[in-house]
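In: Coordinates for the following, if possible.
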Amino acid sequence: MIRIDNLSVHFGSAVAVQDLSLSVAAGESFGLVGESGSGKSTVLRTLMGLTPRWTGDIRIGGIDPRKGRRRDLVHVAQMVFQDPYASLHPRYTIGRAIAEPMWINRMSDVDARTVELLEMIGLTAAHRFRFPHELSGGQRQRVAIARALSLSPRLLLLDEPTSALDVSVQAEILNLLNRLRRELNLTFVIVSHDLAVISYMCDRLMVMQNARPVETLTRAQLRSGDMQHDYTRTLFRASHHRAQGALANE
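Out: Alright, predicted model coming up:
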């Protein structure tokens, strides 16, 4: 589904991503982890054609995002952003937010498809008449996921999809995503700083530091602590300590 060869991204003189290569199979869930500023989100934005200056080679479902038609790319891949309130227009009803990509792409039966998507994410047809501020954070992120699915893509790029949500809601959204992946045969690329999320959601992961890839692990290697790089071990220990602290505070 995805092949990246020697990707480098620059913002002016700053290096955001340096010499990154990876591949993601159809149906796989792949994670990108690392500290803030390591380049994880830039990789997703570049895949969606939202980064102006980059070198290397990218194929998404066979499409080169630099040369292919935008209309073709958005039917293959869609992105879900970190903050669902910021990514939804405050003056658009939920129904309009979900339907707009379908209107733009001149799809038929938009109203029926909108209701289908709402029910798919655990909301009701009545929610299409509400505005974002009338929903909880978890409901807004469900709407953002429904909008991303409106064009029936095969790939979802998820940028910290639960970090802006209450802990009690995070598991609901992760379980929803896993169910949708199974039912719709989706491919995921998930950016997160939380190794527990990546361990739960992803088959494989790449660790990034200072714009560069450090190592790639399987879920089994992550869970067993089978890591080659000191930075990965540091991330693993920090994630474990955070989890222990959260349990102690409950």
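In: Okay, the residue nearest to the spatial centre of the chain and R91: tell me how far apart.
Out: Nearest to the mean C-alpha position of the chain, counting by CA atoms, centre = their mean, stands L158 at 0.6 Å. Per CB to CB, to the nearest Å, L158 is found 26 Å from R91. Placement of C-beta: from N, CA and C, glycine included.
In: element containing the spatially closest residue to V207 that is not a sequence neighbour, please.
Out: Of all residues beyond its chain neighbours, the one nearest V207 is V214 (4.3 Å), with distances taken as CB to CB, 6 or more residues apart in numbering. Assigned by DSSP states H and E, V214 belongs to strand 212-218.
In: Check which element follows that strand along the chain.
Out: Next element after strand 212-218 (DSSP H and E): helix 219-224.
In: What are the buried residues along that next one?
Out: 219, 221-222 (16 or more other CB atoms under 10 Å).
In: Same check on stretch 51-62?
Out: In stretch 51-62, counting by 16+ other CB under 10 Å, buried: 51, 54, 56, 58, 60-61.
In: ok so, going back, may I have the beta-bridge partners of the residue nearest to the centre of the chain?
Out: V80, I190 (DSSP bridges).
In: Distance check, the residue nearest to V207 against R3.
Out: 20 Å.
In: now V74
Out: Counting by CB to CB, the gap from V74 to R3 is 19 Å.
In: related to what we said a few turns ago, what's the neighbour count on the residue nearest to V207?
Out: V214 is flanked by 20 other residues according to other CB atoms under 10 Å.
In: What pLDDT is listed against it?
Out: At V214, the model reports a pLDDT of 95.
In: what's the answer for G95, then?
Out: Reading off the model, G95 has pLDDT 97.
In: Quick check: it is in a helix.
Out: Yes. According to DSSP: H, G, I helix; E, B strand; the rest coil, G95 belongs to a helix.
In: wait, it sits on R128?
Out: Yes. Counting by CB atoms under 8 Å, G95 touches R128, with 2.9 Å between them.
In: Which neighbours do these two have in common?
Out: T114 (CB atoms under 8 Å, 6 or more residues apart in numbering).
In: Report the secondary structure state of V115.
Out: V115 ends up helix, using three-state DSSP.
In: Also the one 4 residues further on?
Out: The local conformation at E119, judged by three-state DSSP, is helix.
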